[in-house]
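Chemist: Turn this into a model:
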Amino acid sequence: MDLFSMAAGVCAVGVVYFIVLCAAKGIPAAWSFIKARLGSAEKALVLDVQKGVASAQAGVASAQADIATMKTDIAAIKAKLGL
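Modeler: I've put the predicted structure just below:
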């Protein structure tokens, strides 16, 4: 199964779902329902990206602290060896 077939299937399911919503609730209500779902999905995506960025920043800070510790240790070793 290729990617195009899967994407076409997902789109077809989405269109059928929208048609069923239109038939059950009317076009304005169905459209506002879809917009609300997309808006909440967008907010969730933004929060996930923000969490990922914060995690990456914490990782960078940890790596910088480790590098500073290694530099201190190397300087102490050099001092003991008289280099």
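Chemist: since we're on Thr72, how many residues are nearby?
Modeler: With neighbours defined by other CB atoms under 10 Å, the count for Thr72 comes to 10. No exception for glycine: its C-beta is placed from N, CA and C like everyone else's.
Chemist: Off-centre distance for the helix or strand where it lies?
Modeler: Using DSSP states H and E, Thr72 maps to helix 27-81. Relative to its parent chain, helix 27-81 has a centroid offset of 10 Å by CA atoms, centre = their mean, to the nearest Å.
Chemist: Remind me what it packs against, helices and strands.
Modeler: helix 3-25 (3 or more CB pairs under 8 Å, 6 or more residues apart in numbering; DSSP states H and E).
Chemist: Buried residues of the helix it packs on, list them for me.
Modeler: Leu21 (16 or more other CB atoms under 10 Å).
Chemist: try stretch 55-69
Modeler: Buried, per 16+ other CB under 10 Å, within stretch 55-69: nothing.
Chemist: Using PDB, list the CA coordinates for that stretch.
Modeler: Output in PDB follows, covering the C-alpha atoms of stretch 55-69 (Å, rounded to 0.1, in the frame of the first residue of the first chain):
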ATOM      1  CA  SER A  55      13.300  19.700  26.800                       C
ATOM      2  CA  ALA A  56      16.000  20.500  24.200                       C
ATOM      3  CA  GLN A  57      17.000  23.600  26.100                       C
ATOM      4  CA  ALA A  58      17.300  21.600  29.300                       C
ATOM      5  CA  GLY A  59      19.500  19.100  27.400                       C
ATOM      6  CA  VAL A  60      21.700  21.900  26.100                       C
ATOM      7  CA  ALA A  61      22.000  23.400  29.600                       C
ATOM      8  CA  SER A  62      22.900  20.000  31.000                       C
ATOM      9  CA  ALA A  63      25.600  19.500  28.300                       C
ATOM     10  CA  GLN A  64      27.100  22.900  28.900                       C
ATOM     11  CA  ALA A  65      27.300  22.200  32.600                       C
ATOM     12  CA  ASP A  66      29.000  18.800  31.900                       C
ATOM     13  CA  ILE A  67      31.500  20.500  29.600                       C
ATOM     14  CA  ALA A  68      32.300  23.100  32.300                       C
ATOM     15  CA  THR A  69      32.900  20.300  34.800                       C
END
